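Novice: Next comes the sequence, and after it the predicted model I'd like to discuss.
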Amino acid sequence: MRFNPKARLDTGRTSDAGRTAGGGGGGGIPIPGGLAGGGIGGLIVTAIIVAAFMFLGGGGGSPLSAYDTGRMADTDRYADCETGEDANKSADCARVAVENSLYDYWSETLPAQSDASFSPEKELRTFGGGISTGCGSASAAVGPFYCPVDESIYLDTTFFSDVLDQQLGGPTGAFVEPYVLAHEYGHHVQHLLGTDEQVKSREGAGSDAVRLELQADCYAGMWAGSATDTEDANGAVLISDLTRTDVQEAIAAATAVGDDRIQEASGGEVDPDSWTHGSAQQRVDWFVTGFEQGTLEACDTFAPGAL
């Protein structure tokens, strides 16, 4: 994946909360791969959020622990991210560029394909150790997640090396993080559409929770299929090149975080009745559907017979 060196980056929606000590739970929609609502034990349990669907019970819940963020100030982590050339040299600036691309894509696609109005996420907020959110307090173990209460995406960037690679055996290529961010942005789109309000059943291969997650994968695929058409505020293309290898990395990441793969990695039995995100094959299939067809209609995982 290459960014246009001449593109201008907008850091206005991206911030970094710095690093703090602490541990605990969290809320909101978890990483594309967490086994929400039903722990699987062993090594993987530290990588997943146990209270993932707290927000479905009314937009929040009592956090398992709290963080004192009153003395914390945002760092200048993204201060030097000005151009696409910076994004080609820095993973932090690449994160900003991907957010800009997602913003541009959905600002045009959502109103064009639905009756919903688009508004961007409030923030893409990185952190280390722990952070307080509108959905409760979150630790680094939660992984990337979207909180619909404050309409923000949260990310501890050590997730990709410490959890996805070391614990789940997933890929760590340059396009893996963009896939994850696109999945979480997909949850923001669902929130704007009101799709998250349809979630009643929270476990099982055919549950609403699984449908929600697979749809977010499909939305990620929609963006990936048109990523090279996205532009900065001045009309310059943001992403100059997205290769077949990039897409393969996204597919490999989707495979690694399928419920069945996570259960196998934990040493337990594959139990579809406890799934909350879908199987590895389902996640790949829906990402590819979005990539190839590029429409909200094609990504309707809630349609009869979709699963």
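Specialist: Yes, it's here.
Novice: okay, CA-based contacts and neighbour counts for the rest of this
Specialist: Fine.
Novice: Skip ahead from the longest helix anywhere in the chain and say which helix or strand is next.
Specialist: Longest helix of the chain, by residue count under DSSP state H: helix 91-113. Moving toward the C-terminus from helix 91-113, the next helix or strand (DSSP states H and E) is strand 123-128.
Novice: other SSEs contacting that next one?
Specialist: strand 14-19, strand 152-155 (3 or more CA pairs under 8 Å, 6 or more residues apart in numbering; DSSP states H and E).
Novice: Do a quick rundown of the helices in this structure.
Specialist: 84-89, 91-113, 159, 176-193, 208-226, 244-256, 259-265, 280-293.
Novice: Show me what the longest one is packed against.
Specialist: For helix 91-113, the packing partners by 3+ CA pairs under 8 Å, 6+ apart come out as helix 84-89, helix 176-193, helix 208-226.
Novice: follow-up on the earlier one: can you lay out the helices and strands packed on strand 123-128 as TSV showing mean neighbour count and distance to residue 175?
Specialist: Compiled in TSV, the helices and strands packed on strand 123-128 are given as follows (neighbours: other CA atoms under 10 Å; distance: least, CA to CA, whole Å):
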stretch	mean neighbour count	distance to residue 175
strand 14-19	19	19
strand 152-155	25	16
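Novice: Mean pLDDT for the ones you listed - can I get that in a markdown table?
Specialist: Shown next, in a markdown table, are the helices and strands packed on strand 123-128 (pLDDT from 0 to 100):
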| stretch | mean pLDDT |
| --- | --- |
| strand 14-19 | 92 |
| strand 152-155 | 94 |
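Novice: Ok, which of those comes nearest residue 104?
Specialist: strand 14-19 (14.7 Å; CA to CA).
Novice: Go ahead and confirm residue 138 touches residue 126.
Specialist: No: at 11.7 Å, residue 138 does not count as touching residue 126 under the criterion of CA atoms under 8 Å.
Novice: The two: which has the busier surroundings?
Specialist: residue 138 (32 against 21; other CA atoms under 10 Å).
Novice: What ranges in the chain fall below the confidence cut-off?
Specialist: 21-73, 160-173 (pLDDT under 70).
Novice: spatially speaking, which residue is in the middle of it?
Specialist: What sits nearest the mean C-alpha location of the chain, by CA atoms, centre = their mean, is residue 184, with 2.6 Å.
Novice: In space, what's closest to that one - neighbours in sequence excluded?
Specialist: The spatially closest residue to residue 184, leaving aside those adjacent along the chain, is residue 146, at 5.7 Å (CA to CA, 6 or more residues apart in numbering).
Novice: pretty sure residue 147 contacts residue 134?
Specialist: Yes: when contacts are counted by CA under 8 Å, residue 147 is listed as touching residue 134 (6.7 Å).
Novice: Give me the more crowded residue out of these two.
Specialist: Ranked by neighbour count (other CA under 10 Å), residue 147 and residue 134 place residue 147 first, with 26 against 18.
Novice: Which residues does that one form beta bridges with?
Specialist: Judged by DSSP bridges, the bridge partners of residue 147 are residue 152.
Novice: my guess is residue 143 meets residue 180, correct?
Specialist: No: with contact defined as CA under 8 Å, residue 143 and residue 180 do not form a contacting pair (10.1 Å).
Novice: residues contacting residue 219?
Specialist: By CA atoms under 8 Å, 6 or more residues apart in numbering, the residues touching residue 219 are 182, 183, 186, 287, 290, 296, 299.
Novice: burial count for the last one?
Specialist: For residue 299, the count of nearby residues is 24 (other CA under 10 Å).
Novice: where's it relative to residue 225, distance?
Specialist: Distance from residue 299 to residue 225, counting by CA to CA, to the nearest Å: 13 Å.
Novice: Please identify every residue contacting each of these two.
Specialist: residue 290.
Novice: what's the most buried one of the helices of the chain?
Specialist: Mean neighbour count (mean count of other CA atoms under 10 Å) peaks for helix 208-226 among the helices of the chain, with a mean of 27.
Novice: Contact partners for residue 297?
Specialist: Per CA under 8 Å, 6+ apart, neighbours of residue 297: none.
Novice: surely residue 4 meets residue 89?
Specialist: No: using CA under 8 Å, residue 4 makes no contact with residue 89, being 11.8 Å away.
Novice: With just CA atoms, put the longest helix of the chain into CSV.
Specialist: Taking Å, rounded to 0.1, in the frame of the first residue of the first chain, the C-alpha atoms of helix 91-113 are listed here in CSV:
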residue,chain,number,x,y,z
ALA,A,91,3.1,3.9,10.6
ASP,A,92,1.5,6.7,12.7
CYS,A,93,1.1,8.9,9.7
ALA,A,94,-0.2,6.0,7.6
ARG,A,95,-2.9,5.6,10.3
VAL,A,96,-3.9,9.2,9.8
ALA,A,97,-4.0,8.7,6.0
VAL,A,98,-6.2,5.6,6.3
GLU,A,99,-8.6,7.5,8.5
ASN,A,100,-8.7,10.3,6.0
SER,A,101,-9.4,7.8,3.2
LEU,A,102,-12.2,6.2,5.2
TYR,A,103,-13.7,9.6,6.0
ASP,A,104,-13.7,10.6,2.3
TYR,A,105,-15.1,7.2,1.1
TRP,A,106,-18.0,7.1,3.5
SER,A,107,-18.8,10.8,3.3
GLU,A,108,-19.7,10.1,-0.3
THR,A,109,-20.8,6.5,-0.3
LEU,A,110,-23.2,6.6,2.7
PRO,A,111,-25.5,9.4,1.5
ALA,A,112,-25.3,8.1,-2.1
GLN,A,113,-26.5,4.6,-1.2
